[in-house]
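A.B. asks: Quick one: sequence and predicted model below, then my questions.
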Amino acid sequence: MPERALHDRDQVDVPRWLRRYGTMAWLLIGIVIVVAMIVFATTRIQAVFIAVFLALVVTSVLYPVVTYLSRVMPRPLATAVTLLGSVAVVVGIFTYVISSVAGQWEDLADQFGQGIDDIFEFLETGPLPVHFTQAEIYDWINELVGQAQDYVSQNAGTLAGQVLSNAGAVALLFTVLALSIFVTVFFLLRGGDMWRWFLNQLPSKSREPVHRAASAGWYTFSGYARGTVIVATADGVLAFILLAIVGVPLAAPLAVLVFIGAFIPLIGAPLAMIIAAVVALAAGGIVDALIVTVGIALIGQIEGHLLQPLVMGKQVSLHPVVVALGVTAGTFLAGLLGAIIAIPIIAVIWAVYSALHEPDPPIDGDLPDSRVIAERVSRRRQRHNERSLGAGNDAEADAGPALGGVRA
């Protein structure tokens, strides 16, 4: 009996809510540790991750084409035809861009010279409250050039090392591209068989939920990739038409830049717009720059309010706040690559969670007002304090005679 009483006294009565939320906190800590380990492992094999990510993007875009062609020809032949056709399209676009730049180079140099003179004149005699003379601007440019020369002469060894490292980066880039093409071929050719083999390695009870979650994630990822390609193509075509109508030189390269910028959420399109506006300002003046700026802003509105809802639909349904936070966090974590891959990763995670999670019935009607809830909590606390104070007074009243009797 004494041992049992001592054991009972040593036990701590932990409230149920504390045990429940403590368990949830430990689970959350475990999830954070797993995610941190995955991120760390990804940074160690970043080249492999980029190659697989590019392969998944290309596969999501070309897989429907390969599936359609495989109805009339063997699948290996359909895969080869699709890959060769896509490579021919990309090479044709870059060939057209390079030839257009080479053909307009002389006229572009003259237009840029005239545009720079117009900009200098605007800065010197324009309506701005601060004026800069052409001599001051030239002195400022010469000073920057001198500082750059001094920096190069003082850091020649460091710059040479950076050049060598950049050469290694170019080799790494070709390695990543080759690996992504290799993986893409197998994804297009035997993707279904590879996934079936993976499912067969799992326990039988886990195959159905894993396949359901992966299917939801792949549907979202492929929809985002195909939709982004379609929207980017539409943006590039509209930008090319706008720049050609205004008469801005290098319309084709700038349209390709707008196409590439569409793959970077939030920041890609504005950067492309700024570059196109600067080219229009230097080549045609302030009026052309304003027309290009307004036109590309309208293209952005068409993209956000018409093309994306029409093309992507509900495959990628993320709130704009989530998109902004995701792009910002991805940029801080992995730079430009993080800004590009943040949104598809978040969309896939949400799709997998939605496929595995059974939500409770939603809340109907208006939510209680926060002020009403706060007043209700305050009244409940006040009643509790009054009852506690009354119980204390009653206990003192009951103990008073006994204590008086003891004294007597």
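C.D. replies: Received, thanks.
A.B. asks: Tell me where the model's unsure across the stretch 1-150 of the chain.
C.D. replies: Within the stretch 1-150 of the chain, the ranges that satisfy pLDDT under 70 run 1-12, 101, 103-138, 149-150.
A.B. asks: one more time with 80, if that's ok
C.D. replies: Filtered on pLDDT under 80, the stretch 1-150 of the chain yields the residue ranges 1-14, 35, 39, 42-44, 46, 93-94, 96-150.
A.B. asks: was I right about Ile280 contacting Val294?
C.D. replies: Check again: residue 280 is Ala, not Ile. No: applying C-beta atoms under 8 Å as the test, Ala280 and Val294 come out as separate, 11.1 Å apart. No exception for glycine: its C-beta is placed from N, CA and C like everyone else's.
A.B. asks: who does the host helix or strand of Ile241 touch, helix- and strand-wise?
C.D. replies: Element membership for Ile241, per DSSP states H and E: helix 204-246. For helix 204-246, the helices and strands in contact under the criterion 3 or more C-beta pairs under 8 Å, 6 or more residues apart in numbering; DSSP states H and E are helix 46-69, helix 156-200, helix 251-261, helix 268-284, helix 286-302, helix 308-311, helix 320-356.
A.B. asks: Any chance of the ones you listed in TSV with mean neighbour count as columns?
C.D. replies: As requested, the helices and strands packed on helix 204-246 are arranged in TSV below (neighbours: other C-beta atoms under 10 Å):
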stretch	mean neighbour count
helix 46-69	18
helix 156-200	13
helix 251-261	21
helix 268-284	21
helix 286-302	17
helix 308-311	14
helix 320-356	17
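A.B. asks: for the ones you listed, which one sits closest to Ser215?
C.D. replies: For Ser215, the closest of those is helix 320-356, at 7.6 Å, according to C-beta to C-beta.
A.B. asks: What average pLDDT does that closest one get?
C.D. replies: Helix 320-356 carries an average pLDDT of 79.
A.B. asks: Output the contacting helices and strands for it.
C.D. replies: By 3+ C-beta pairs under 8 Å, 6+ apart, helix 320-356 packs against helix 204-246.
A.B. asks: before we move on, the earlier item: figure out how far the helix holding Ile241 is from the centre of its chain.
C.D. replies: Taking C-alpha atoms, centre = their mean, to the nearest Å, one finds helix 204-246 lying 13 Å from the centre of the chain it belongs to.
A.B. asks: OK, contacts around Glu358?
C.D. replies: Residues in contact with Glu358 (C-beta atoms under 8 Å, 6 or more residues apart in numbering): none are found.
A.B. asks: That one and Gly330: what is the separation?
C.D. replies: 30 Å (C-beta to C-beta, to the nearest Å).
A.B. asks: do Leu179 as well
C.D. replies: Remark: distance between Leu179 and Gly330 (C-beta to C-beta) = 23 Å.
A.B. asks: Then Ile260?
C.D. replies: On the measure of C-beta to C-beta, Ile260 and Gly330 end up 17 Å apart.
A.B. asks: ok, now Leu306?
C.D. replies: Leu306 is 26 Å from Gly330, by C-beta to C-beta.
A.B. asks: What segments of the stretch 1-150 of the chain are helices?
C.D. replies: Secondary structure of the stretch 1-150 of the chain (DSSP state H, counting those that start in this stretch): helices at 2-10, 16-44, 46-69, 75-103, 105-125, 134-154.
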